[in-house]
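> below are the sequence and a predicted model for it; my questions follow.
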Amino acid sequence: MIEYLVLVPIGYLLGSLPFGLIAGRVFKRIDVREFGSGKTGMTNVMRTVGAPVAMLVMLLDMGKSVLVVVLARVFADSPGVEALAALASVFGHSWPVFIGFRGGRGTAPGWGALLILSPWAGLASTVIAAPGLALTRYVSVGSLLGASSGAVVLVVLSAMGNAPLEYIWFGSIGGVLVVARHKDNIARLLKGEERKIGRTPEATTDQPSTGRHKGLRWPRSA
């Protein structure tokens, strides 16, 4: 039980590290939450800062969940701790405590967790997501296909005994979470208004009128 009480909160705190927000400030002196989707994930960073920085952010966000699972395996050796700590990392990325609980959609940390929890599920997610992204040029389509397919494969593998049964927690809850975090993308896709790769974002309209950016504050450039 002590492993859950220690490693799951650590997973959440590591997941809360706002690499997208930091990258925006360091490389372009902007707050990426003020543009496009208002999220701190790789896609909004790509549109506001550029593809090379976005790739770095994606790797760092994936690494958060990978590190969490590695720590769980070293210090707990429990599939249940691994699954819940990885899930906590995705929650932390989506609702980061350090920047007022306004983060990303959980795609990158979810993908990173899939790859280390079950390489087969992670591979299936990648193989299915990549063509969807390439054919449609919608990052959201690739993310939705990857998250849902990876979650289904992980759940099936776990149910069949080819992965620890506890991994079902991550597959079922994590997959639903990532898809749910894309609800605004789904609405725009249905309306034909979703932004494709390469389209420059306008200032976001998703900002609250008061109390914006509660939590850790990042100074504006002059």
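Cool, got the structure. Residues are numbered from 1 along each chain as shown.

> does residue 40 count as helix, strand or coil?
coil (DSSP: H, G, I helix; E, B strand; the rest coil).

> for the residue nearest to the spatial centre of the chain, phi and psi?
Centroid check for the chain by Cα atoms, centre = their mean gives residue 106 as the closest residue, at 2.1 Å. Residue 106 adopts backbone torsions of phi 90, psi 0, taken as degrees, to the nearest 10.

> residue 34 versus residue 82, what's the distance?
36 Å (Cβ to Cβ, to the nearest Å). (Each C-beta comes from the backbone N, C-alpha and C, glycine too.)

> show the contacting residues for the residue nearest to the centre of the chain.
Counting by Cβ atoms under 8 Å, 6 or more residues apart in numbering, residue 106 touches 90-91, 93-94, 174, 177-178, 181.

> and with 10 Å instead?
Contacts for residue 106 (Cβ atoms under 10 Å, 6 or more residues apart in numbering) come out as 15, 39, 41, 61, 65, 87, 89-95, 113, 143, 147, 174-175, 177-182.

> residue 82 and residue 34 - which one has more neighbours?
residue 82 (28 against 17; other Cβ atoms under 10 Å).

> hang on, the more buried one packs against residue 67?
No. Using Cβ atoms under 10 Å, residue 82 makes no contact with residue 67, being 12.0 Å away.

> spit out the residues that contact these two alike.
Common neighbours of residue 82 and residue 67 (Cβ under 10 Å, 6+ apart) are 11, 116.

> where do the helices of the protein begin and end?
In the chain, the segments counted as helices under DSSP state H are 2-15, 19-28, 42-48, 51-75, 79-94, 107-117, 119-136, 139-159, 167-169, 175-180, 183-191.

> give me whichever of these is most buried.
Among the helices of the chain, ranked by average contacts under mean count of other Cβ atoms under 10 Å, first place goes to helix 107-117 (a mean of 28).

> quick one: average pLDDT of that one?
Summarised as a single mean, pLDDT over helix 107-117 is 97.

> please apply the same query to stretch 157-177.
For stretch 157-177, the mean per-residue pLDDT is 96.

> distance between the ends of that stretch?
Using Cα to Cα, to the nearest Å, the end-to-end distance of stretch 157-177 comes to 20 Å.

> swap in stretch 41-61?
End-to-end span of stretch 41-61 (Cα to Cα): 8 Å.
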